[in-house]
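Peer 1: Model the structure of this input:
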Amino acid sequence: MKLKYFGVLILVIGLAFLYFFINPSEVDFLPKCPLYISTGIYCPGCGSQRATHHLLRLDFWGVIQQNILYFVALFVLAYHFIVTSINLLFKKRIYNYIYHPKTPIIILIVVIVFWILRNIPYYPFNILAPH
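Peer 2: Numbering: from 1, shown residues only. Reported below is the predicted structural model:
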């Protein structure tokens, strides 16, 4: 079991080094979004590789320009890990809203609305498309 976690850790560190040193918009060997390539429609994740590159270089404005939903997801993950850590370390019982039954529905609605809005080719919606 520990070997599995060690392998995942090595993989994550390797990908972090890759995305830190290589800008995905300047190379052709990293995977491209199949939906965008085949239809020209931005999916909710389009720009995430470039956003990861910007995040690892601490360029938060670059992350927002590539995919603002990526930035929102980072805040949701940070909230989850902070609440979970506080509950474990300090034996608290703070309710984690990530586990609320309606949270997946709200996340799905946000993702679908973001998906639709970022594909409208008029200002201000075209700001949501990756730059």
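Peer 1: Using CSV, write out the CA atom coordinates for the host helix or strand of residue 69.
Peer 2: Using DSSP states H and E, residue 69 maps to helix 68-89. C-alpha atoms of helix 68-89 as CSV (Å, rounded to 0.1, in the frame of the first residue of the first chain):
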residue,chain,number,x,y,z
ILE,A,68,-11.3,30.9,-13.7
LEU,A,69,-13.1,27.8,-12.7
TYR,A,70,-9.7,26.2,-12.0
PHE,A,71,-9.0,28.9,-9.4
VAL,A,72,-12.5,28.4,-7.8
ALA,A,73,-11.8,24.7,-7.6
LEU,A,74,-8.5,25.4,-5.8
PHE,A,75,-10.4,27.4,-3.2
VAL,A,76,-13.0,24.6,-2.8
LEU,A,77,-10.2,22.0,-2.3
ALA,A,78,-8.4,24.3,0.1
TYR,A,79,-11.6,24.7,2.1
HIS,A,80,-12.1,21.0,2.2
PHE,A,81,-8.5,20.2,3.4
ILE,A,82,-8.5,23.0,6.0
VAL,A,83,-11.8,21.9,7.5
THR,A,84,-10.8,18.3,7.5
SER,A,85,-7.4,19.1,9.0
ILE,A,86,-8.9,21.2,11.8
ASN,A,87,-11.4,18.4,12.6
LEU,A,88,-8.6,15.8,12.7
LEU,A,89,-5.9,17.8,14.5
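Peer 1: and it, how far from the chain's centre?
Peer 2: 12 Å (Cα atoms, centre = their mean, to the nearest Å).
Peer 1: Going by neighbour count, which residues of it are buried?
Peer 2: The neighbour-count check on helix 68-89 (16 or more other Cβ atoms under 10 Å) flags 68, 69, 70, 73, 83 as buried. The way it works is simple: take the backbone N, C-alpha and C, and place the C-beta from them, glycine included.
Peer 1: Any idea which helix or strand in this protein has the lowest mean pLDDT?
Peer 2: When each helix and strand of the chain is scored by mean pLDDT, DSSP states H and E, helix 2-21 comes last, with a mean of 89.
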